[in-house]
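**Student:** here is a sequence with its predicted model. Questions after.
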Amino acid sequence: MISGKFAITIHILTLLTKFPNDYLSSEFIAGSINLNPVLVRKEIANLKAHQIVESKEGKNGGTKLAVNAVNLSLKEIFEMTFESINLGYAKNQPNPECPVGKKINQNLAGLYADMNKQLSVQLEGISLEDFSNQF
């Protein structure tokens, strides 16, 4: 299911790209996103697990980018956030006797697979630096 995690992650990484030599606090980042710092730290933990950012504790601590933004594609960021786009299926099991109900989930799965292929191609061609240069 789609959520705002990708947008939050891109926002964090774009800020870190704009301040490449600084450790940004989760409070500073949260202020830019207008989000609770706890939620920011949760996304930063995911980025740390993927070795995209590094953090430092203490008074002058925070987080900074650990990779070159030129070498990180939006596709890679998307895949760190989600495995794929899935707009979901009906909560109830469709009627297997209905000509639509018996194939709706199968056809939605095919549609979602096609969407993921197209999205991957589009995001692969955009680096984090390309995206950050818009600001």
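**Tutor:** Structure's in. What do you need? All of these numbers come straight from a predicted model, not from anything done at the bench.
**Student:** wait, what's in contact with residue 55?
**Tutor:** The contact partners of residue 55, by CB atoms under 8 Å, 6 or more residues apart in numbering, come to 23, 44, 48, 61-64. C-beta here means a position set from N, CA and C on the backbone, and glycine is covered the same way.
**Student:** among those residues, which one has the most neighbours?
**Tutor:** Each of the contacts of residue 55 was scored for neighbours by other CB atoms under 10 Å, and residue 63 scores highest at 25 neighbours.
**Student:** got the contact list for that residue?
**Tutor:** Residue 63 makes contacts with 12, 16, 23-26, 29, 44, 47-48, 53-56, as judged by CB under 8 Å, 6+ apart.
**Student:** what's the spacing between residue 98 and residue 126?
**Tutor:** Taking CB to CB, to the nearest Å as the measure, residue 98 falls 42 Å from residue 126.
**Student:** so residue 29 touches residue 12, yeah?
**Tutor:** Yes: assessed by CB atoms under 8 Å, residue 29 is found in contact with residue 12 at 5.7 Å.
**Student:** just want to know which of the two has more residues nearby.
**Tutor:** Neighbour comparison, residue 29 and residue 12: the larger count goes to residue 12, with 27 against 22 (by other CB under 10 Å).
**Student:** buried stuff in the host helix or strand of the more buried one?
**Tutor:** Secondary structure assignment for residue 12, by DSSP states H and E: helix 5-18. Within helix 5-18, the residues that count as buried by 16 or more other CB atoms under 10 Å are 5-6, 8-17.
**Student:** what's in contact with that helix?
**Tutor:** Contacts for helix 5-18 (CB under 8 Å, 6+ apart): 24, 28-29, 32-33, 35, 39-40, 43-44, 46-47, 52-53, 63-65, 69, 72, 74, 77-78, 80-82, 128-129, 131-132, 135.
**Student:** just the ones in helices from the residues you listed, please.
**Tutor:** Using DSSP state H, 28-29, 32-33, 39-40, 43-44, 46-47, 74, 77-78, 80-81, 128-129, 131-132 are the members of the contacts of helix 5-18 that sit in helices.
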